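Undergrad: Pasting a predicted model and its sequence here:
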Amino acid sequence: RLEFVGRRNMAGRFPRYISLDAQITKGFTIPKFEKHRARIGVAIFNITNHFNPRDIQNNLGSPRVGDFFNSFGTTVRGKFEIDF
């Protein structure tokens, strides 16, 4: 005997994935070390703040079975790079 959650063979799919990322950097030379360059900047991920789940609750005993979880919101990261 087989048991299914919902209709058989109609499991569905994850919601549509939408993500817009951007990065801005500024390069400059390091004083006293003209041979070396550095970059400083900022990176922004998921600017649209769209719900992009990475996991699904698959515990049949849970009241939230089939719900989507583990999405990242908008993330901002600072960057500093040195080229030798």
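TA: Looks like it arrived, so ask away.

Undergrad: center of this structure - which residue?
TA: F72 (5.4 Å; C-alpha atoms, centre = their mean).

Undergrad: In contact with the closest residue in space to that one that isn't next to it in sequence, which residues are there?
TA: The shortest distance from F72 to any non-neighbouring residue, by C-beta to C-beta, 6 or more residues apart in numbering, is to N46 (6.0 Å). The C-beta positions use only the backbone N, C-alpha and C, and glycine is treated the same way. The contact partners of N46, taken as C-beta atoms under 8 Å, 6 or more residues apart in numbering, are 19-21, 52, 72-75.

Undergrad: Nearest to T29, out of those residues: which one, please.
TA: Using C-beta to C-beta, the shortest approach to T29 within these belongs to D21, at 27.9 Å.

Undergrad: Tell me the pLDDT of the residue lying closest to that closest one once chain neighbours are set aside.
TA: Using C-beta to C-beta, 6+ apart and skipping residues adjacent in sequence, the residue nearest D21 is F45, 4.9 Å away. Listed pLDDT for F45 reads 96.

Undergrad: Alpha carbons of stretch 20-27, as CSV, please.
TA: Provided in CSV are the C-alpha atoms of stretch 20-27 (Å, rounded to 0.1, in the frame of the first residue of the first chain):
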residue,chain,number,x,y,z
LEU,A,20,19.3,40.3,-8.7
ASP,A,21,22.9,40.9,-7.5
ALA,A,22,25.2,43.9,-7.9
GLN,A,23,28.8,44.8,-7.0
ILE,A,24,30.6,48.1,-7.0
THR,A,25,34.4,48.4,-6.5
LYS,A,26,37.0,51.2,-6.7
GLY,A,27,40.6,50.4,-7.5
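
Undergrad: Would you mind writing the ChimeraX command to select the buried ones in the contacts of N46?
TA: This is how ChimeraX selects the buried members of these, with burial counted by 16 or more other C-beta atoms under 10 Å:
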select :52
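
Undergrad: could you dump the contacts of N46 to CSV with pLDDT?
TA: Output for the contacts of N46, formatted as CSV (pLDDT from 0 to 100):
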residue, pLDDT
S19, 91
L20, 96
D21, 97
N52, 88
F72, 87
G73, 91
T74, 94
T75, 95
